[in-house]
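Trainee: For reference, the sequence and a predicted model appear below.
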Amino acid sequence: MPRWRRRGGDFDHDEELNRKVSPLYHVDKIRAPLLIGQGKNDPRVAIATSDAMVAALRKAKREVAYVVYSDEGHGFNRPENKLDFYGRVEEFLAKHLGGRTEPWKKISGSTAELR
């Protein structure tokens, strides 16, 4: 963390800096649809942060798909969850950018929860 604070600033303790750079405070500028994947046990990006971002996007009538994996942290490690998320990403990109896709299907053993 000290290295990141030196590079970008202390976002945890500098409210002005946080408001300047956090997408949560700039939802009005977001136009593209978003797909947010979150590990419920993420120690770097708390689920409350993603929940707040999704709530702000929805309040502003922005399109957002939100999927939470109950047994993941920062990044997805379980193969079932990786396959599930990659399938969702492929379908999301095909929908919004065009192109071919194999339809997403439920992956046995994945802990995905669409919220």
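Mentor: Okay, I see it.
Trainee: Can you show me the helices along this structure?
Mentor: 2-8, 15-21, 47-59, 79-97 (DSSP state H).
Trainee: Mind listing residues that contact the first one?
Mentor: What it means is helix 2-8. For helix 2-8, contacts defined as CB atoms under 8 Å, 6 or more residues apart in numbering pick out V21. No exception for glycine: its C-beta is placed from N, CA and C like everyone else's.
Trainee: tell me the mean pLDDT over it?
Mentor: In this model, helix 2-8 has a mean pLDDT of 82.
Trainee: which parts of it are buried?
Mentor: Neighbour counts over helix 2-8 (16 or more other CB atoms under 10 Å) mark no residue as buried.
Trainee: gap between that helix and the chain center?
Mentor: Chain-centre distance of helix 2-8: 23 Å, with CA atoms, centre = their mean, to the nearest Å.
Trainee: which residues sit in contact with the closest residue to D10 other than its chain neighbours?
Mentor: Counting by CB to CB, 6 or more residues apart in numbering, D10 lies nearest to L17, which is 7.3 Å off, once chain neighbours are set aside. Applying CB under 8 Å, 6+ apart, one finds that L17 lies in contact with G9, D10, F11.
Trainee: quick revisit: could the helices of the chain be laid out in TSV, adding distance to D71?
Mentor: What follows is those, written out as TSV (distance: least, CB to CB, whole Å):
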stretch	distance to D71
helix 2-8	26
helix 15-21	29
helix 47-59	13
helix 79-97	8
